[in-house]
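Student: Sequence plus the predicted model coming up.
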Amino acid sequence: QVQLVESGGGLVQPGGSLRLSCRVAGLPSSPTYETIGWFRQAPGKEREAVSCISSRDSDTYVQDSEAGRFAISSDNGGKTVDLQISSLKAEDTAVYFCAASAGLYCSKNEYRYDYWGQGTRVTVSS
């Protein structure tokens, strides 16, 4: 059974930091799912790609506007993918999802991702 489980969300004050984790288990071995993406959906807005990491050639992607505040990493053989968010702003308030893609490289296109977690809510407010 495929499982992508996000954790680490919560209520944070502006300027604070969070580390979101995506625990991955049960992905098929064929095709191989080497790419994990983080997306977010703010209230009333469409879901958008935030960051991605692929074990193939260590490809990574971070949304241009967030470069410097967002960092993605993986460990444990890709079974855990973390998204570190610093200098949080109210505009970062959203539900954050991780998703798995069989693509070899990172993609911002959510339709390239076959498996999704349930999301973890991040609220940035004073």
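Tutor: Happy to help now that I have it.
Student: what sits against E6?
Tutor: By CB atoms under 8 Å, 6 or more residues apart in numbering, E6 lies in contact with L20, S21, C22, Y96, F97, C98, G117, Q118, G119, T120. C-beta here means a position set from N, CA and C on the backbone, and glycine is covered the same way.
Student: mind running it again at 6 Å?
Tutor: C22, C98, G117, G119, T120 (CB atoms under 6 Å, 6 or more residues apart in numbering).
Student: what's the helix or strand for the second one?
Tutor: Read that as C98. strand 94-101 (DSSP states H and E).
Student: so what does the helix or strand just after that strand touch, helix or strand wise?
Tutor: With elements assigned by DSSP H and E, the helix or strand that comes after strand 94-101 is strand 113-116. Applying 3 or more CB pairs under 6 Å, 6 or more residues apart in numbering; DSSP states H and E, one finds that strand 113-116 contacts strand 94-101.
Student: circling back: report the two of the contacts of E6 separated the most.
Tutor: Based on CB to CB, the longest span within these runs between C22 and G119 and measures 10.4 Å.
Student: mind listing what's buried in stretch 116-126?
Tutor: Neighbour counts over stretch 116-126 (16 or more other CB atoms under 10 Å) mark W116, G117, G119, T120, V122, V124 as buried.
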